[in-house]
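In: need a structure here:
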Amino acid sequence: MRSLLFNIAYWVLSMVYALMAVVAAALPGRGPTQWIIRRYTRRMVQAMRLFAGIELEVRGKERLPAGAFLIAAKHQSWGDGFCTYAQFEDLAFVIGAHMEKYPGVGLILRKLGVIIVDNEGGKSSRRALMQDAAQVRAEGRRILIYPEGHLAPVGKRYPYRSGVFHMYRTFAVPVVPAATNLGLFWPGIEFRKRPGSAVLEFLEPIPPGLPRGEFMARLEQAIEDRTAELIAEATGAPLTTLVAVLWLAGAVAALGVATAIAGSLVAGTQNDLKRALAASTSAQYGLVLVAVGAGSTAAAGAHLVTHAVFKALLFLGAGVALHQAGTLDLSRLRLGRVVPFAAGTFAVGAAALAAVPPLGAAWSKEEVLAAATHAGAWLGAGVLVASFLSALYAGRLAVLAFGPSSAASARIVEPGGGSAAPMVHKSGAAGPSRLERAALGGLAAASVALGVLWLPGAGGVVERASGGRLFEAAGWELPGSLAAIAAAGGLLAVLHRSSALVTLGLPDRLRAAVAGWLGLPGLARLLVVDPVLALSRGLAAFDDRVVDAGVRAAARVPVALSAVLSWWGERSVDGVVQAVAGTTLRAAAGSRLVDERGVDRAVEDLARGAGVAGSRSRKLQTGLAHHYYVLVALGLVALVAVAALGRS
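Out: Modelled structure (predicted):
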């Protein structure tokens, strides 16, 4: 019910004050419109309290500096603007161009003198932002900007855009970070509201004059850390904000520069085409790491894509060379006249590897350079060195693999070994198949088509697709890159004229050492592989002699206990059983004797006595009456005598 009541109040207030503001916008000056919008925002804060049950607590207003300044705030809720605007008398703010689509809103916004930016982002949007902001700054007004450029759900952050830095640097004014937890109670643009105590806190101002990297890191950490603390304060949940590990980004970028330069040196000295391309892949991944460490995942993602396209083209060209010549030894190829189509497409891939404009790979490499320079001058210098080396070895690979053959260099070792012979490029070998030619052509066309990245607005597309940000390049960066490419081309021409493209004029042992990854495989084996293997052997011995010994000893205990119990059972329990059985047998034998000699004899004697009595009683049966009378008389006498004895 609270949410319903508040939303009714929201729309009623919005329509009433919008109509009033449209009328005021027709009046001269900004004052009437400004007064109405200020009242509108304050009534909205009151409605939040009365209907939605959201109490707003504002902290840190004592930290606000005198004069002009920028407010860079966390943006979690549609209500953020109401809460912040209501705290000031004359506040300009940066808003997306999508708000102009609502009827009458565009007129009111323009009358208020707000700064309207294109939501698509990119460099053109930043220029428009700076132009409008300069007008506002000239009027001495304070400016509110949301550095993320998006509503961020609670617990989520978007990359901070560089527009706030450009305003900070150009206007030379302090920036006040602002944290909030309003998104817990009025999430985004949701209908449902939750009662509670929301906080808007103005933090310590950031003084003017900081370099870009330090300013952006300080701003983001201040806003995000305090926002997380306010969320934990309101919810009672543990603080889970991710504290930035400042050294980690620098370590990643430094590792990327080292990888890019080392990979380029290896690729430039390798005489095996595929191994050179593999080393080149490591070098390009190094540039991707540089962009990640410098804070531009957008540049890293773009370079990863452009690199994938041209490197696939180069590896496919290497496969054609192997099929055609039977070897990948760069000193024995030069297949330009044999497979001209493959040579042409390989040249496109090599140009992309060398970052020659207007190919898409050149654009992504320039964005990596911009990010690196933004993070530090030494990082930008490292990327320029890697760019020079990339252009040098890309040209070397293109000339040695698919350049025109000459009488001096046209020698090849046939498959299966044998002495060097005049170059005859496997006369039986056919050129690329139709499918191979289609793949080569398609990849070359894709490398060229990626040149659309140089068009205006493409940077904004890349930022939205990757969720990262791009940094604006300094004016010297593109000329510096072109100078590096030109220097590499000049050195390549010198080496070609002196017939030193294969050896580079280096001693064989030195070139072999560099081509072998500067001894890193041997060092890795010495420091990592061998110690790990030794440790594994030691652990195996420990397992056999200690762990398994304990297990075997534990297994022997129940076996021994079983033997003891068996012995005890035979001598105690079995003995008792046998004794009981013997006693029972003896008792049975005795019982048999008693039965035979006592019971049976008594029965037999009783039977004999009964028989004698029966035979003698038959003699009394004479059949004479006077005998019977005598017997009756004797019986009566006996009865009388017994009775008399009983009485006495």
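In: going forward, measure contacts and count neighbours with C-alpha atoms only.
Out: Fine.
In: mind listing the strands for this protein?
Out: For the chain, strands defined by DSSP state E occupy the ranges 54-59, 70-73, 91-96, 115-117, 142-145, 175-180, 196-202, 411-412, 421-422.
In: Most tightly packed of these?
Out: strand 175-180 (a mean of 27; mean count of other Cα atoms under 10 Å).
In: mean confidence score for that strand?
Out: In this model, strand 175-180 has a mean pLDDT of 94.
In: Tell me what angle it forms with strand 54-59.
Out: 150 degrees (axes from the mean of the first three to the mean of the last three Cα atoms, to 10 degrees).
In: Pull the residues that contact strand 175-180.
Out: 64, 69-76, 168, 198-208, 219, 222-224, 226-227, 230 (Cα atoms under 8 Å, 6 or more residues apart in numbering).
In: how about 7 Å then?
Out: Contact with strand 175-180 is made by 69-74, 168, 199-207, 219, 222-223, 226-227, 230, as judged by Cα atoms under 7 Å, 6 or more residues apart in numbering.
In: Over to residue 354: give its phi and psi.
Out: Note on residue 354: its backbone torsions stand at phi -80, psi 0 [degrees, to the nearest 10].
In: same question but for residue 456, I mixed them up
Out: phi -60, psi 140.
In: So what sits opposite residue 329 in the bridge?
Out: residue 272 (DSSP bridges).
In: Verify the stated contact: it with residue 271.
Out: Yes - Residue 329 is within contact range of residue 271, at 5.7 Å (criterion: Cα atoms under 7 Å).
In: related to what we said a few turns ago, compare the strands of the chain and report which one is nearest to residue 374.
Out: Closest approach to residue 374 among the strands of the chain is made by strand 175-180 (19.6 Å; Cα to Cα).
In: could you dump that closest one to PDB, C-alpha only?
Out: Extracted C-alpha coordinates of strand 175-180, given in PDB (Å, rounded to 0.1, in the frame of the first residue of the first chain):
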ATOM      1  CA  VAL A 175      35.300  17.300  -6.800                       C
ATOM      2  CA  VAL A 176      33.100  16.200  -3.900                       C
ATOM      3  CA  PRO A 177      32.400  12.400  -4.000                       C
ATOM      4  CA  ALA A 178      28.900  11.500  -2.800                       C
ATOM      5  CA  ALA A 179      27.900   8.000  -1.500                       C
ATOM      6  CA  THR A 180      24.300   6.800  -0.900                       C
END
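In: quick one, helices of the stretch 151-300 of the chain?
Out: Using DSSP state H, counting those that start in this stretch, the helices found in the stretch 151-300 of the chain span residues 163-171, 212-235, 246-269, 273-293, 297-325.
In: Rebuild these as CSV, extending it with mean pLDDT.
Out: Converted to CSV, the helices of the stretch 151-300 of the chain look like this (pLDDT from 0 to 100):
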stretch, mean pLDDT
helix 163-171, 83
helix 212-235, 87
helix 246-269, 86
helix 273-293, 92
helix 297-325, 92
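In: so which of those is the most packed in?
Out: helix 273-293 (a mean of 25).
In: Just give me how far that one sits from the chain centre.
Out: Computed by Cα atoms, centre = their mean, to the nearest Å, the chain-centroid distance of helix 273-293 equals 21 Å.
In: That helix relative to helix 297-325, how many degrees between them?
Out: Here helix 273-293 points in a direction 180 degrees away from that of helix 297-325 (the same axes, to 10 degrees).
In: residues in contact with helix 273-293?
Out: With contact meaning Cα under 7 Å, 6+ apart, helix 273-293 is reached by 249-250, 252-253, 256-257, 259-261, 263-264, 266-267, 270, 297, 299-300, 303-304, 318, 328-330, 368, 371-372.
In: ok, now stretch 188-197?
Out: Applying Cα under 7 Å, 6+ apart, the set of residues contacting stretch 188-197 from outside is 3, 52-56, 76-78, 151, 153, 185-186.
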